[in-house]
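Visitor: generate a structure from the sequence data that follows.
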Amino acid sequence: MRKRLHLPLLLICLLTVFQSKANNNEDRLAERLKKHVSVLASDTLEGRGLGTKGKIRAKQYIAEQFANIGLESFSEDYFQQLDLRIGLARVPATNIIGYLRGSDLELADEYIVIGAHYDHLGYDYFDGEMFIFPGADDNASGVAAMIEIAAHFAANPGSHARSLIFIAFDAEESGLLGARRFVENFAYVDTDNISMMFSLDMVGMYEANRGLHLLGMGTLDDGERIAREVAEATNTRLRRLTDEVPGRTDTWPFGQLGIPSVHAFTGTRSPYHQPEDTYDLLDYEGMATVTVFLQSLIQVLSNEPVLKPSDSFERIQDPAGLRLSYGLSAHIGSSYHSYPDEFFRAKNLFAASVGFFVQVNAGNKFALRPEFLYDYHGSQSAEGQYRMHSLTIPFNLIYYMGGSATDGFVKLYPLAGGYFRYNLSGTDGGESLDLGDLHPASEWGINAGIGLQVMRFSVSYTRRWGLTNISPFPETDIYFNGRYFSIGYRF
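Guide: Residues are numbered from 1 along each chain as shown. Next up is the predicted model:
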């Protein structure tokens, strides 16, 4: 058993804060952060778009900062060259990578990756006028924080037991291509030796968003508890801590390999992906708070005897693993009654339902989703309008195509299953229905449809076909039919 020589968590936090306050005053840190962002988000860098001279200048600036800090390089320089194919074009791109060797002989061969993408959207022309997308919050802010975190650890070489890799990723805006290429073919690091990954992406609006999100902190065993203790010691406000790897930033390729991965993110309350995302709008005092917090958190994690994925994260990686989530759903559409033995069907009426769902994900591709809905439906009838208030429980099997049940990318899914309905009350032509006698109190049917998931939101089109004969007349068969457009939000 390894003998633990590391300081207790709270003491490390307090020492880190004291050291940061004494040697790296937050006011001065805020000024340095502002300087980095003002350079990276200046108009002369042309929005750091792929293929622009401005992005080349951004690459050179970051490499100069790495050299000035004293980061080691894995090769003759800090660059991992990427030859990307985007559409019919081949576009050169570059990851910028430096590292600091850990101080513990046993842990130094394990790595924590601290990454931030430095590319952005470049520029465009509207009505003959050039508009630059400077990308101050997205993501000059994350690059600036990463540079200052690297500077802190370089100035305190005995503070981290594990080795730290600092990466400015390219081509994030084009589909996380820089991060993907790093995990696929960076020859100097075996990804099995990466214990943890942080993506600093949009950390410049701390006060406006009332704190910092750590999306994916729960992918590390005991990670949420550690983060909250560090936040308390550093007087940092944390908002959402989740146990899913976000798919919209460079965490995703690492998470796909089972590496606990965290998106440090203050929120989108900035001119996200707009020409107005300029350096003068950022909250540099808040950025300093975030930077000191992340320094402290990374220092604590680097000294932990073991970093391993949480049980919930390992279940996601297991093709047979089960995972539970829940959310709200609403459906709007129309319904009608069909008469299979006749030559006609009734006219449609407005139908709607609202409620909640529970989703059980089985591995990365399949999910079972029962819903519990208040359902308002009906049909035109010989008496005028047939209306029913019901409790409806659809239960559908979902298959995620081109993605998984928990990633953050847009993905398509077919769904199919059945439903049970308990009728609460109803009318036909304004007269109350006698449920349980002439009209059934319960019904069964089948569902099928297709949906699209975008992060936590889903939209779908669904058909419902009743299998229970709801006719009050022995000589007539009547069955329910419904068509719905639906929206769901998963918590």
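Visitor: how is this protein partitioned into domains?
Guide: Per automatic domain parsing, the domain ranges recorded for the chain read 9-315, 321-490.
Visitor: just put these in JSON lines and tack on mean neighbour count.
Guide: (Each C-beta comes from the backbone N, C-alpha and C, glycine too.) JSON lines is the format used below for these (neighbours: other C-beta atoms under 10 Å):
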{"stretch": "domain 9-315", "mean neighbour count": "20"}
{"stretch": "domain 321-490", "mean neighbour count": "17"}
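Visitor: can I get those in CSV including mean pLDDT?
Guide: Formatted as CSV, the domains of the chain follow (pLDDT from 0 to 100):
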stretch, mean pLDDT
domain 9-315, 91
domain 321-490, 88
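Visitor: now the phi/psi pair for the residue positioned nearest the centre of the chain, please.
Guide: Of all residues in the chain, the one closest to the mean position by C-alpha atoms, centre = their mean is Pro246, 2.8 Å from it. Backbone torsions for Pro246, taken as degrees, to the nearest 10, come to phi -70, psi 150.
Visitor: helices of this structure, residue ranges please.
Guide: 9-23, 26-40, 53-69, 141-155, 177-185, 223-234, 251-256, 284-303, 311-317 (DSSP state H).
Visitor: so which of these is nearest Arg387?
Guide: For Arg387, the closest of the helices of the chain is helix 311-317, at 43.7 Å, according to C-beta to C-beta.
Visitor: send me the closest one as CSV with only the CA atoms.
Guide: The C-alpha trace of helix 311-317 is given here as CSV (Å, rounded to 0.1, in the frame of the first residue of the first chain):
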residue,chain,number,x,y,z
ASP,A,311,-19.3,4.5,-10.4
SER,A,312,-22.0,6.4,-12.4
PHE,A,313,-19.5,7.3,-15.0
GLU,A,314,-18.2,3.8,-15.3
ARG,A,315,-21.8,2.6,-15.8
ILE,A,316,-22.1,4.9,-18.8
GLN,A,317,-19.0,3.4,-20.3
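Visitor: and that helix, what other elements does it pack with?
Guide: In terms of contacts (3 or more C-beta pairs under 8 Å, 6 or more residues apart in numbering; DSSP states H and E), helix 311-317 is packed against strand 322-338.
Visitor: packing partners for the strand it packs on?
Guide: By 3+ C-beta pairs under 8 Å, 6+ apart, strand 322-338 packs against helix 311-317, strand 349-362, strand 366-381, strand 479-490.
Visitor: let's have these in CSV, adding distance to Gln256.
Guide: Listed next are those as CSV, based on distance: least, C-beta to C-beta, whole Å:
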stretch, distance to Gln256
helix 311-317, 9
strand 349-362, 16
strand 366-381, 18
strand 479-490, 20
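Visitor: shouldn't Leu328 be in contact with Gln359?
Guide: No: between Leu328 and Gln359 there is no contact, the gap being 11.8 Å when judged by C-beta atoms under 8 Å.
Visitor: quick one: stretch 204-216 to chain centroid distance?
Guide: 14 Å (C-alpha atoms, centre = their mean, to the nearest Å).
Visitor: mind checking the end-to-end distance for it?
Guide: Stretch 204-216 has an end-to-end distance of 19 Å (C-alpha to C-alpha, to the nearest Å).
Visitor: which outside residues touch that stretch?
Guide: Identification of contacts with stretch 204-216 by C-beta atoms under 8 Å, 6 or more residues apart in numbering yields 37, 136-137, 140-141, 203, 227, 236-246, 251, 255, 260-270, 282-287, 289-290, 293.
Visitor: likewise for stretch 278-289?
Guide: 26-27, 29-31, 33-34, 37-38, 41-42, 134, 136-137, 140-141, 144-145, 203-208, 234-236, 266, 270-271.
Visitor: what about 7 Å?
Guide: If you take C-beta atoms under 7 Å, 6 or more residues apart in numbering as the criterion, stretch 278-289 is touched by 26, 29-30, 33-34, 37-38, 41, 134, 136-137, 141, 145, 203-208, 236, 270.
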